[in-house]
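Participant: Using only what follows, build the 3D model:
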Amino acid sequence: MLTHTHTQPHKPKRAVVIGAGGFVGGTIKAALASSGIDTVGLTRKEVDLLAPEATKVLSSQLQAGDSVVFVSAIAPAKTCEQLMDNLRIVEAACTAFSEVMPGHLLYISSDAIYSDDANPVTEDSYAAPSTTHGMMHAARELMFKSTVTCPFAALRPTLIYGAADPHSGYGPNRFRRQAANGEMITLFGDGEERRDHVAVDDVAQLASLIILHGSEGTLNAVTGVSVSFFDIAQIVAAQFNPPAEVKCLPRTVPRPHLLHRFFDISQCLKSFPDFRYTSLADGIARMHKKTVGKKR
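Facilitator: Prediction:
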């Protein structure tokens, strides 16, 4: 759970988003700036965290007391090489933070760190990642906790969707691209698996709230509502005129053993009582409006 350094929103002198060139990082940078915070975005152009001089370059970009949001990652981390590169990225950042200590650090992690049999999932659920991607985030959280002496928070989003997402992960992002390209929306089996999806703007708003309150601890960025992929496909299809066709395909691999994934969002409600998540239907409609007339 989170504890707040500031009970009321308090703008830091400066916020630095490391990984601002990406989908999530760019959205967080924009949200912080719209909150009136002096915000600096660092992309791979400014600092390549896998380069030999990464620590020196990053240190030169930081000021003691900065509120830092760390989003930089090779994601999803599917291979051992990607896992190790992600750890090297954070190793360089940790060395830089040891030289120029932030005033507050927020790491954008993932719900992939949780055990598959945690249902419903809470912030206190056991961390037992079953994928290299989840292992990467769990290890990075520990690396940061072991390094920084400032307040540290980890925001753990579930499956993120949004108009600018460059990936086509199974779900809203892929379904929208298929329909926009005049293709059928295709489902594995009957699309019966139920998952929680969170809008990228909601993740960015939560990141801004954590920065403004100087929060430390952990928080899941999840809506608490799990929807089947079949129903998600129907919501996406209905955005088009005529509606896109949805087709269920025979599975070529065994059905996932985890059919339902649910989250308890009570900690989020306690931490930020006025915050409300975007419903999946509204989020998909907003995503469609942003991309109407475009093909992805």
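Participant: can you tell me the helix or strand for Arg255?
Facilitator: Assessed by DSSP states H and E, Arg255 sits outside every helix and strand.
Participant: For it, give its distance to Ile232.
Facilitator: Going from Arg255 to Ile232 by C-beta to C-beta, to the nearest Å gives 17 Å. Backbone N, C-alpha and C define where each C-beta goes, glycine included.
Participant: Of those two, give the one with the bigger neighbour count.
Facilitator: Ile232 (25 against 12; other C-beta atoms under 10 Å).
Participant: Test my guess that the more buried one contacts Gly283.
Facilitator: No - contact criterion C-beta atoms under 8 Å: Ile232 and Gly283 do not qualify, at 10.6 Å.
Participant: which neighbours do the two share?
Facilitator: Listed as contacting both Ile232 and Gly283 by C-beta atoms under 8 Å, 6 or more residues apart in numbering are 172, 197.
Participant: what kind of secondary structure is Ser125 in?
Facilitator: Secondary structure, DSSP: H, G, I helix; E, B strand; the rest coil: Ser125 is coil.
Participant: which one is it nearest to, not counting chain neighbours?
Facilitator: In space, and not counting its chain neighbours, Ser125 is closest to Ala118: 3.9 Å by C-beta to C-beta, 6 or more residues apart in numbering.
Participant: Wait, that neighbour touches Asp124, no?
Facilitator: No - the criterion here is C-beta under 8 Å, and Ala118 misses it with Asp124 at 9.5 Å.
Participant: Compare the two (neighbour count), which wins?
Facilitator: Using other C-beta under 10 Å as the criterion, Ala118 and Asp124 rank with Ala118 on top: 17 against 10.
Participant: returning to that earlier point: shared neighbours, Ala118 and Asp124?
Facilitator: Counting by C-beta under 8 Å, 6+ apart, nothing touches both Ala118 and Asp124.
Participant: Show me the shaky parts of this protein.
Facilitator: Flagging of the chain using pLDDT under 70 yields the residue ranges 257, 293-296.
Participant: longest helix of it?
Facilitator: helix 80-99 (DSSP state H).
Participant: and the gap between Lys78 and Met136?
Facilitator: Lys78 sits 10 Å away from Met136 when distances are taken as C-beta to C-beta.
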